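S.K.: the sequence and its predicted three-dimensional model are supplied below.
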Amino acid sequence: MRAVTGAGILFRTFVRRDLLAIFWWTIGITILYWSQAVSVDGLYSTQAEFDKAAASMENNAAFIAMAGPARALNTVGGQVAWQATAFGAVMVGLMSMFLVGRHTRVEEETGRDELVRSGAIGRHAPMTAALMVTALANAVVGLAVSASLLAYGLPAAGSWALGIGLILTGLCFTGISLVAAQLTQGARAMYGIVGAALGAAYGLRAIGDVGDNGLSWLSPIGWYQGLRAYADERWWPLVLLLGVALVTLAAAYAVFGRRDIGSGVWAARPGPARAGAGLHSDLGLAWRLHRGSLIGWTLGLFVTGLAYGTMGNDIGDLIGDSEATREVLAAGSADLVDGFYGAAGLMLALLAGGYAVSASLRARGEEDSGRVEPLLSTALPRVRWFLGHTLIAVLGSVAVLLASAVGLGTGYAMTTGEWDSFGRLMMAPVSAGAGVMVLVGLAVLLTGFVPRLASAAWLGLAFCVVVMMFGPLLKFPDWLIDVSPFSHLALVPAESFAAGPYLVVLAVSVALGAVGVLGLRRRDMH
Amino acid sequence: MTGMSDVIEISGLVKKFGATTALDHLDLSVATGEVHGFLGPNGAGKSTTIRVLLGLLRPDEGTTRLLGGDPWRDAAQLHRRLAYVPGDVNLWPNLSGGEVIDLLGRLRGGLDEKRRADLLDRFELDPTKKGRTYSKGNRQKVALVAALSSDVELLVLDEPTSGLDPIMESVFQSCIDEFRTDGRSVLLSSHILAEVERLCDRVSIIRSGRTVETGTLADLRHLTRTAVSAQLASDPIGLDQLTGLHGLVVEGKRVEFEIDTAQLGAAVARLGDFGILTLTSQPPTLEELFLRHYGDEVEPQPEAER
């Protein structure tokens, strides 16, 4: 027991640090499950309608690749299990990865671990406390999911299967994360390994579920879905999940016992001794700093666009005959499919807005972390430094938008075979995309004048999302809705593209940005 | 200081952050060719002054000239001629030290390849490690190598050696010696008094955003007290009449006191009247010198380092 002396104290400290994070993960993942029940229930007025939608879904390979094996899709429970489990498993995987990383690799990297270890702390105590807090988080999430589904009135066995399965899936990825934490020296590399494991688990089950070839049985997510919640449950896959969790945990402890604190099993890879041609200028440096996140967002939005696109023309069947839903989706358009893709384009543009804000705030982040001072003490003028970051944020936003547009068009054309619709679909996110530039302009303006509050640019994005989702529903006054730039842009293909408002919105973005740069020229750098 | 024009001329500099006054009519001049020590307690405004000099902060009042130009308006052009090492070096976690050295050199307008290689060798710095894996001392070495391998007229150093070991400290000192022999100038903010004593031609001491003392170390010593103790042949009378006398203790024929260094000659002459058997006089150590200036005599002001 001496090896874990002090684990209790550390555990309590970790819980205090993580309380808010665990709370939000729980809320988010529970809503993911519970909202599926709410949104499916009442969508179809008759069971016949529901059966028809289910049949359409069962035959859509793209859906199956994204979500999982189709079982009992003509029941609310079956729909919840189908639509939520794959993403739910990925979410608990990410949560476990971040919690483990935060209390192991990050602590070692920052040197805090050393400080802790100088106390009366057993060798295995920090790792054990990290395991305990992650297990606790998974238990809370799983129980909350079960409780929410039970409270909704879904069958007990299926609800428990989804919750307990989720806990064990989380523990599986906790074990994998702890092993990864022993391998590398840096937290980022560890996240890379776990992210790859998550991607592989998701990909294997996607191929397995579509091809029905057993590959899903190589994936923890496949085991979780193998519980067959709400469709004649079977419980033995839980043993597989538990087994992998225990084996990986044992491996992590064994490896930890053999390595030095502060280093990984794999030695840190040395970098180049000289700067390459890419680092010749401030723009080269900015590109290097933005590159990773831009690639990630571009791929992410391409896949999201693809996912929307693969729904093809089945929208009518999928959303059933509920008048209210049709009205909201059609957004005044006579054609339901066009209305849906207009809304999807707006959604994709708002997601791209997430990239735009984070990329535009990067310069401020560099300033805040003190890395700008050495740069600006060279012959690099501050405005040029700042415009470099902003240029990448603007072009990056365009790239992310275009990726989502190409994804949407490709998905639609592949599913329906209507390749001549490719361009029409592509215009959906592009038309709404001008609003993204206003978000860039807002971030630049804030960075120029109130740098300490620059992250308030996220509130701008949140406002646009709220207006889009709830504006008409909650009957916001017109002037408030008009504040969101997205309200002025045509929802292609439901509406035809309008160049006038598009150019005005772009002009507003440029104006905001220009004023922001003037502010940056005059202010103190910190 | 006589000679050529000053590389740094600051007079009456005021910088406020909201309600706090970080710099309160500060004066500083660094002559061409000198190593100028910049001293003061934490929060006195040293880093703020340096940030104004680098054009990162905009002065509220006063005149600031750097290499003959305006540090705010002409920042980029002036920076080709100077190099800066911050006290707290933050590196990009994914860039290797070698990449950072090259990048900063290129942004300054090029670096001397031979000197770069030589400095890496002397500082025993591995340029292939990534930013996040360097210790504090090694991050400082990255910034030092980048600064010293570029061809500049002025070095601005903000506590550049706080993380270096004594061997590296001496490497740093010999690098500064080589740098100054070409008639180039250094502004060195430091808390390491041995380093200041060894390197600096002149020092300026600031407190609460104001310059309280400027001069050579000899000048400054002159302004302080020397401790004297003596065994005399006869009982001393009237020693308390000496000007600049402090803490006089008379025990029979033995006396101890402190005397303003400027008055030391007069005091010794007076002691001579009573016949000196033994005499020890101790000049103030550098520590005492600074403690006197860092002490609480001036009205304390709110801290404002940034």
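M.R.: That came through, no problem. Numbers count the residues shown, from 1 in each chain, chains lettered A, B, ... in the order given.
S.K.: just the helices in the stretch 101-250 of chain A please.
M.R.: Secondary structure of the stretch 101-250 of chain A (DSSP state H, counting those that start in this stretch): helices at A:105-110, A:112-117, A:125-152, A:156-183, A:187-211, A:220-225, A:237-258.
S.K.: er, the stretch 101-250 of chain B I mean
M.R.: B:113-122, B:136-148, B:166-181, B:193-199, B:217-222.
S.K.: near chain B, which residues of chain A are found?
M.R.: Proximity of chain A to chain B, by CB under 8 Å from any CB of the partner chain, involves residues A:109, A:185-186, A:188, A:268, A:270-276, A:279-282, A:284-285, A:288-289, A:369-371, A:373-382, A:522-526. (C-beta placed from N, C-alpha, C; glycine too.)
S.K.: show me the one of the helices of the stretch 101-250 of chain A that comes nearest B:Gly110.
M.R.: helix A:187-211 (32.3 Å; CB to CB).
S.K.: now do the contacts for the residue of the stretch 51-200 of chain B found nearest chain A.
M.R.: Nearest residue of the stretch 51-200 of chain B to chain A (CB to the nearest CB) works out as B:Ser96 at 2.9 Å. B:Ser96 makes contacts with A:Pro270, A:Gly271, A:Pro272, A:Ala273, B:Pro127, B:Thr128, B:Lys129, B:Lys130, B:Gly131, as judged by CB atoms under 8 Å, 6 or more residues apart in numbering or on different chains.
S.K.: drop anything exposed from the residues of chain A next to chain B.
M.R.: The neighbour-count test (16 or more other CB atoms under 10 Å in any protein chain shown) marks A:109, A:185-186, A:268, A:271, A:273, A:275, A:279, A:281-282, A:284-285, A:288-289, A:371, A:373-382, A:523, A:525 as buried among the residues of chain A next to chain B.
S.K.: report the rounded mean pLDDT for stretch B:275-289.
M.R.: Mean pLDDT, stretch B:275-289: 83.
S.K.: which pair in the contacts of B:Ser96 has the greatest spatial separation?
M.R.: A:Ala273 and B:Gly131 (13.9 Å).
S.K.: pLDDT below threshold where in chain A?
M.R.: A:1, A:316-334, A:473 (pLDDT under 70).
S.K.: how far away is A:Val400 from chain B?
M.R.: 21 Å (CB to the nearest CB, to the nearest Å).
S.K.: and A:Gly345, by the same measure?
M.R.: From A:Gly345 over to chain B (counting by CB to the nearest CB), the distance is 35 Å.
S.K.: what about that residue, neighbour count?
M.R.: 31 (other CB atoms under 10 Å in any protein chain shown).
S.K.: and if you look at the one 5 residues further on?
M.R.: As a burial measure, A:Leu350 scores 23 neighbours (other CB under 10 Å).
S.K.: please work out which of the helices of the stretch 101-250 of chain B is packed deepest.
M.R.: helix B:136-148 (a mean of 24; mean count of other CB atoms under 10 Å in any protein chain shown).
S.K.: tell me where the stretch 201-350 of chain A has strands.
M.R.: In the stretch 201-350 of chain A, no strands are defined using DSSP state E, counting those that start in this stretch.
S.K.: and the residue of it closest to chain B?
M.R.: Nearest residue of the stretch 201-350 of chain A to chain B: A:Gly271, at 2.9 Å (CB to the nearest CB).
S.K.: which residues touch that residue?
M.R.: Contacts of A:Gly271 (CB under 8 Å, 6+ apart): B:Asn94, B:Leu95, B:Ser96, B:Gly97, B:Gly98, B:Glu99, B:Thr128, B:Lys129, B:Lys130.
S.K.: so the fifth one sits right up against A:Gly276, yeah?
M.R.: No - counting by CB atoms under 8 Å, B:Gly98 stays clear of A:Gly276, with 10.4 Å between them.
S.K.: my guess is A:Thr75 meets A:Gly158, correct?
M.R.: No - A:Thr75 is beyond contact range of A:Gly158, at 9.3 Å (criterion: CB under 8 Å).
S.K.: I'd like the contacts of B:Ser96 as a markdown table, with distance to A:Trp25 appended.
M.R.: Supplementary listing: the contacts of B:Ser96 in a markdown table, determined by distance: CB to CB, whole Å:
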| residue | distance to A:Trp25 |
| --- | --- |
| A:Pro270 | 36 |
| A:Gly271 | 34 |
| A:Pro272 | 38 |
| A:Ala273 | 42 |
| B:Pro127 | 41 |
| B:Thr128 | 38 |
| B:Lys129 | 35 |
| B:Lys130 | 30 |
| B:Gly131 | 30 |
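S.K.: re the thing from before, quick one: buried ones out of the contacts of A:Gly271?
M.R.: Applying 16+ other CB under 10 Å to those, the neighbour count classes B:Asn94, B:Leu95, B:Ser96, B:Gly97, B:Gly98, B:Glu99, B:Lys129, B:Lys130 as buried.
S.K.: how about the fifth one, what does it touch?
M.R.: For B:Gly98, the contacting residues are A:Gly271, A:Pro272, A:Ala273, A:Arg274, A:Ala275, B:Pro127, B:Thr128, by CB under 8 Å, 6+ apart.
S.K.: again, but for B:Leu148
M.R.: Counting by CB under 8 Å, 6+ apart, the residues that B:Leu148 touches are B:Ala83, B:Arg115, B:Leu119, B:Leu155, B:Cys175, B:Phe179.
S.K.: just to check, the last one is in contact with B:Leu199?
M.R.: Read it as B:Phe179. No - B:Phe179 is not in contact with B:Leu199 according to CB under 8 Å; the separation is 10.3 Å.
S.K.: now for these two: what residues contact both?
M.R.: Common contacts of B:Phe179 and B:Leu199 (CB under 8 Å, 6+ apart): B:Val186.
S.K.: rewinding a little: dump the contacts of B:Leu148 to JSON lines, plus pLDDT.
M.R.: Output for those, formatted as JSON lines (pLDDT from 0 to 100):
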{"residue": "B:Ala83", "pLDDT": "95"}
{"residue": "B:Arg115", "pLDDT": "95"}
{"residue": "B:Leu119", "pLDDT": "96"}
{"residue": "B:Leu155", "pLDDT": "96"}
{"residue": "B:Cys175", "pLDDT": "95"}
{"residue": "B:Phe179", "pLDDT": "93"}
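S.K.: for the stretch 251-400 of chain A, just list every one of the helices.
M.R.: A:282-309, A:315-318, A:323-330, A:336-360, A:362-368, A:372-376, A:382-416.
S.K.: hey, which of those helices is tucked in deepest?
M.R.: Ranked by mean neighbour count, the helices of the stretch 251-400 of chain A are led by helix A:336-360 with a mean of 25 (mean count of other CB under 10 Å).
S.K.: show me what it is packed against.
M.R.: helix A:282-309, helix A:315-318, helix A:323-330, helix A:382-416, helix A:422-432, helix A:434-449, helix A:457-470 (3 or more CB pairs under 8 Å, 6 or more residues apart in numbering or on different chains; DSSP states H and E).
S.K.: how near is the spatially most central residue of chain B to A:Val210?
M.R.: For chain B, the residue nearest the mean C-alpha position is B:Gly37 (2.5 Å; CA atoms, centre = their mean). The gap separating B:Gly37 from A:Val210 is 73 Å, by CB to CB, to the nearest Å.
S.K.: and the strands in the stretch 201-306 of chain B?
M.R.: Under DSSP E, counting those that start in this stretch, the stretch 201-306 of chain B gives strands at B:202-207, B:210-215, B:225-232, B:245-251, B:254-260, B:276-282.
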